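Undergrad: Build me a model from this:
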Amino acid sequence: MGKYPLERLFRALADSTRLRLINLMAAQEICVCYFVEVIDAPQPKISRHLAYLRRAGIVASRREGKRMHYRLVTPSDPNAATVLKATLDSLKQDRELQRDLLKLNRACCGPKSLVELLGAPLPASATAGAR
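TA: Below you'll find the model as predicted:
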């Protein structure tokens with residue numbers, strides 16, 4: 001296996017929508033329907049960004065019935081892992097991104113949540129979703 005493509009990782013991190021997505025996945029695996037709700041973007045756009053993150057090697061997916069679930073994965077390359085960790089740490093300081101997390105919690109657990117309305121599964125914790 002060759003050298004990790006750091007350039008691809010940096011390109012993946014150079015988009016505000018993708019940063020919002022990785023921020024939401026930082027602590028848990030999430031069904032695509034939650035991304036659509038929280039980011040308020042069409043599902044095809046969200047899916048394109050998630051595919052970009054998968055190609056960069058920092059997101060993995062799994063299918064559960066009709067629903068796709070996504071989670072962050074730590075790159076095996078130590079430099080790439082350091083870049084991803086530093087990025088996630090800096091995202092914790094961004095107020096807008098923290099609002100996304102609050103919105104996710106309301107979508108998951110609030111009255112009339114997606115769980116009730118659409119039968120969407122609750123996000124799994126990152127440790128439960130890790131493989």
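
Undergrad: mind checking pLDDT for residue 37?
TA: Note for residue 37: predicted pLDDT of 89.

Undergrad: what does the one 10 residues further on give?
TA: Looking at residue 47, its pLDDT is 94.

Undergrad: all helices in this protein, in order from the N-terminus.
TA: 6-12, 16-25, 32-39, 43-55, 78-91, 95-109, 114-118, 126-129 (DSSP state H).

Undergrad: in the first one, what's buried?
TA: For helix 6-12, the buried set under the neighbour-count rule, 16 or more other Cβ atoms under 10 Å, comprises 9, 12. From N, CA and C alone the C-beta is placed, and that goes for glycine too.

Undergrad: thinking again about what came up before, redo the helices of the chain as CSV? Include distance to residue 69.
TA: Formatted as CSV, those follow (distance: least, Cβ to Cβ, whole Å):
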stretch, distance to residue 69
helix 6-12, 19
helix 16-25, 10
helix 32-39, 8
helix 43-55, 11
helix 78-91, 19
helix 95-109, 13
helix 114-118, 14
helix 126-129, 7
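
Undergrad: Quick one: closest of the ones you listed to residue 61.
TA: Ranking those by proximity to residue 61 (Cβ to Cβ) places helix 43-55 first, at 6.4 Å.

Undergrad: Could you list the residues in contact with the closest one?
TA: With contact meaning Cβ atoms under 8 Å, 6 or more residues apart in numbering, helix 43-55 is reached by 8, 12, 15, 17-18, 21-22, 32-33, 35-36, 39, 59-61, 68, 70.

Undergrad: Show the buried residues in these.
TA: 12, 18, 21-22, 32-33, 35-36, 39, 59-60, 68, 70.

Undergrad: Of the residues you listed, which pair is most distant in space?
TA: The most widely separated members of the buried ones among the contacts of helix 43-55, counting by Cβ to Cβ, are 12 and 33 (22.2 Å).

Undergrad: If I look at the nearest residue in space to residue 32 that is not next to it in sequence, what pLDDT would I see?
TA: With Cβ to Cβ, 6 or more residues apart in numbering as the measure, residue 68 is the residue that lies nearest to residue 32, at 4.9 Å, once sequence neighbours are left out. Listed pLDDT for residue 68 reads 88.
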